[in-house]
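> no FASTA, just this:
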């Protein structure tokens with residue numbers, strides 16, 4: 001199944017930031033065009049990032065309540081989502097796919113293209129689990145290849 005953006009390209013953006021405002025601005029710029037074009041977004045983030053992104057997207061003219069009802073926005077907690085597929089200190093590929101594929105399927109329903117923002121790699125990095133962070137990046141890349149979405 002392909003969920004790629006309307007240009008037919010998929011991307012995996014990795015962002016580094018010093019200030020939260022810069023992250024929120026960059027992610028909002030990445031997600032908003034997807035909503036503008038009738039696509040869907042998935043936010044898997046820290047609670048503060050979810051609130052800030054929803055506020056930023058609202059300020060850009062998007063009604064989060066309407067988009068949620070249309071299943072064009074899913075907002076999930078990074079720690080809770082991460083816990084569904086970690087096996088010890090490492091992400092389990094089968095559990096990762098079992099967690100993420102239904103989320104992507106729901107987001108792409110109705111032929112929506114999809115963009116995803118995730119804090120789960122950052123969460124592993126903050127915890128000092130660099131190996132797991134890199135493993136999760138690899139799993140994301142595999143999923144992008146199979147499903148054709150864009151990830152920040």
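Received, thanks. All figures in this text were calculated on a predicted structure; none of them were measured in a lab.

> show me where the protein has helices.
Ranges of helices in the chain, per DSSP state H, are 20-36, 47-59, 64-69, 78-83, 93-108, 120-126, 130-147.

> give me whichever of these is most buried.
Among the helices of the chain, judged by mean count of other Cβ atoms under 10 Å, the one packed with the most neighbours on average is helix 120-126 (a mean of 19). To be clear about C-beta, it is placed using only N, CA and C from the backbone, and glycine gets the same treatment.

> what residues does that one touch?
For helix 120-126, the external contacting residues (Cβ atoms under 8 Å, 6 or more residues apart in numbering) are 44, 46, 78-79, 81-82, 130, 132-133, 136-137, 140.

> could those residues go into TSV alongside distance to residue 123 and pLDDT?
Shown next, in TSV, are those (distance: Cβ to Cβ, whole Å; pLDDT from 0 to 100):
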residue	distance to residue 123	pLDDT
44	10	98
46	7	94
78	5	98
79	6	97
81	10	98
82	6	98
130	12	97
132	10	98
133	8	96
136	9	97
137	13	94
140	13	96
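
> nearest to residue 112 among those?
For those, the closest approach to residue 112 (Cβ to Cβ) belongs to residue 44, at 17.0 Å.

> can you get me a residue count around that closest one?
24 (other Cβ atoms under 10 Å).

> my guess is it meets residue 118, correct?
Yes: Residue 44 is in contact with residue 118 according to Cβ atoms under 8 Å; the separation is 4.4 Å.

> find residues that contact each of the two.
residue 78.

> quickly list what residue 76 is bridged to.
Residue 76 has these beta-bridge partners by DSSP bridges: residue 44.

> mind listing what it touches?
With Cβ under 8 Å, 6+ apart, residue 76 has these contacts: 42-45, 103.

> from those residues, pick the one nearest residue 149.
residue 42 (8.4 Å).

> identify the residues contacting the closest one.
Applying Cβ under 8 Å, 6+ apart, the residues near residue 42 are 73-74, 76, 103-104, 107, 114-117.

> any idea how far residue 76 is from residue 130?
As judged by Cβ to Cβ, to the nearest Å, residue 76 and residue 130 stand 23 Å apart.

> again, but for residue 66
Between residue 66 and residue 130 the computed distance is 40 Å (Cβ to Cβ).
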